[in-house]
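A.B. asks: fold the stuff below for me.
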Amino acid sequence: MPKLPKRFALSTLLVVMVATAVLFGAAQWRRQRLIAEVASLRAAGVEGLVVSDDWFWPTASGTAVIRLANDVYFGSPDVKEQFVAIRDRAVACGAGDVVYEMVVMRYYQVVKTIRTKDLDKAEEWSEHDYAKRFLNPAFDNQQ
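C.D. replies: Okay, the predicted model is just below:
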């Protein structure tokens, strides 16, 4: 077996150390970026995403639940675009599934919880309940 020169062995060791440091640095940068993105999504009303505690290559996983406000009104097209942008950010972050959830309250009591994967269905229910609440404000006991 031929003997390697010492200069070659030291330079190889240095290259391996630098490559390892860059790899672990990229993993930590990715972890911090994922934590910041999940926190930003939580501030926007998304729950259910969790950053894994993997020591080398962390990922965000879980079902993203986008909570819609009780009185959300889809009259403006910007509102729908905003929810689509939030959904796309959650999927890019690593969400396996995205669900829209709206809690319908009447007279400070929860009437029903609507969960759907389709934003158009959530919009339909929102407009239905919005019209039912404000156009027919009579007290009803059908809860």
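A.B. asks: how about low-confidence regions in the chain?
C.D. replies: 1-2, 4-8, 69-76, 104-105, 125-143 (pLDDT under 70).
A.B. asks: and for stretch 84-94, what's in contact with it?
C.D. replies: The contact list for stretch 84-94, computed with CB atoms under 8 Å, 6 or more residues apart in numbering, reads 34, 37-38, 40-41, 44-46, 49, 59-61, 64, 66, 98, 119. Any C-beta I mention is one placed from the backbone N, CA and C, and that applies to glycine too.
A.B. asks: report the distance from it to the chain centre.
C.D. replies: Stretch 84-94 has its C-alpha centroid displaced from the chain centroid by 6 Å (CA atoms, centre = their mean, to the nearest Å).
A.B. asks: what's the closest non-adjacent residue to the residue nearest the centre of the chain?
C.D. replies: Nearest to the mean C-alpha position of the chain, counting by CA atoms, centre = their mean, stands residue 90 at 3.4 Å. Distance criterion CB to CB, 6 or more residues apart in numbering; nearest residue to residue 90, sequence neighbours excluded, is residue 64 at 3.9 Å.
A.B. asks: quick check, the one you found in a strand?
C.D. replies: Yes - per DSSP: H, G, I helix; E, B strand; the rest coil, residue 64 lies within a strand segment.
A.B. asks: what's across from it in the sheet?
C.D. replies: residue 98 (DSSP bridges).
A.B. asks: now do the contacts for it.
C.D. replies: With CB under 8 Å, 6+ apart, residue 64 has these contacts: 41, 46, 47, 48, 49, 87, 90, 91, 95, 97, 98, 99.
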